[in-house]
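Peer 1: Build me a model from this:
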Amino acid sequence: DQWGRDKCLRAAGFLNKLLASMGVRPDVTGRVYSVCSEARTVTRFLDGPPLAISTLREGLVPSGRMPRHHRVLLTLQRACDVLFYPVENIAFLIDLKVIRTRGGSLPWWHWSCVLWAVSLLVGMILTIERLAASSAREELLLLARQGADFALAVYYVHPGVLWAGKLSQRSVALFGLISCVLGMRRIVRAHRRP
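Peer 2: Purely as a prediction, here's the structure:
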């Protein structure tokens, strides 16, 4: 499915970024990383509308019984997830010169990363709460994946925010690979369940 495809492209990209940072044919591996990154952006351009429609159909505010702060956090996370795709799509279209804006694409890329980071932060808070109730191994691995993605999301926002722009390319690649491996593991386990 689309999530498995995205994880494979992401893993291939970060593996090549790691190789480039280690000096392994950086001209080739760096180019492969860029191609994988662009391919992911194009596929998210296509995957975004169905996800947004599905989320809006279910409702931004989750139903069912839960603590009030969970409902608020989940609503914030869903809103960030729904807004992420159109914001990133606008940035992508500005880069392609389909849309022209005075400030260019940089502010749009910045805000797409902010939305991604907020969504991940909310996910981490909820995962930590579940861990407090039961230290399940799956929750620990989920938290590790969310943490790796959060490190990347902050790295990509506008410089001046926490460690934005300050990680080495090798660190970026390693965080990306950790997230990819844990994400693919989760997909494989989900498909194996009867």
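
Peer 1: and the longest helix belonging to the chain, which residues are buried?
Peer 2: Taking DSSP state H as the criterion, the chain has its longest helix at helix 26-58. By neighbour count on 16 or more other CB atoms under 10 Å, the buried set for helix 26-58 is 26, 29-30, 32-33, 36-37, 39-40, 44, 47-48, 52. (Each C-beta comes from the backbone N, C-alpha and C, glycine too.)

Peer 1: Report all helices and strands that the helix or strand just after it contacts.
Peer 2: The helix or strand immediately downstream of helix 26-58 is helix 68-95, counting by DSSP states H and E. Packing contacts for helix 68-95, counted by 3 or more CB pairs under 8 Å, 6 or more residues apart in numbering; DSSP states H and E, involve helix 26-58, helix 106-133.

Peer 1: Taking helix 26-58 as reference, get the angle to helix 68-95.
Peer 2: 130 degrees (axes from the mean of the first three to the mean of the last three CA atoms, to 10 degrees).

Peer 1: avg pLDDT for helix 68-95?
Peer 2: What helix 68-95 shows for mean pLDDT is 93.

Peer 1: Where among the helices and strands packed on helix 68-95 is average confidence lowest?
Peer 2: Of all these, helix 26-58 has the smallest average pLDDT, which comes to a mean of 89.

Peer 1: now that one, how far from the chain's geometric center?
Peer 2: Helix 26-58 sits 10 Å away from the centroid of its parent chain (CA atoms, centre = their mean, to the nearest Å).

Peer 1: elements contacting that helix?
Peer 2: Against helix 26-58 (3+ CB pairs under 8 Å, 6+ apart) you get helix 2-21, helix 68-95.

Peer 1: Apart from its neighbours in sequence, what residue is nearest Leu93?
Peer 2: Of all residues not flanking Leu93 in the chain, Ile99 sits nearest, at 4.5 Å (CB to CB, 6 or more residues apart in numbering).

Peer 1: Using the three-state scheme, assign the one you found.
Peer 2: Under the three-state scheme (DSSP: H, G, I helix; E, B strand; the rest coil), Ile99 adopts coil.

Peer 1: What backbone torsions are found at it?
Peer 2: Backbone torsions of Ile99, given as degrees, to the nearest 10, read phi -120, psi 140.

Peer 1: swap in Gly165?
Peer 2: Here Gly165 shows phi and psi, under degrees, to the nearest 10, equal to phi 70, psi 0.

Peer 1: didn't it look like it was pressed against Tyr155?
Peer 2: Yes: in this structure Gly165 lies within contact range of Tyr155 using CB atoms under 8 Å: 6.6 Å.

Peer 1: The closest residue to Val42 other than its chain neighbours: what's it in contact with?
Peer 2: Leaving aside its sequence neighbours, Val42 sits nearest to Phe92 (CB to CB, 6+ apart; 7.9 Å). Applying CB atoms under 8 Å, 6 or more residues apart in numbering to Phe92 gives the contacts 41-42, 45, 105.

Peer 1: Show me the two of these that sit farthest apart.
Peer 2: Between any two of these, the greatest separation by CB to CB is 15.1 Å, found for Val42 and Ser105.
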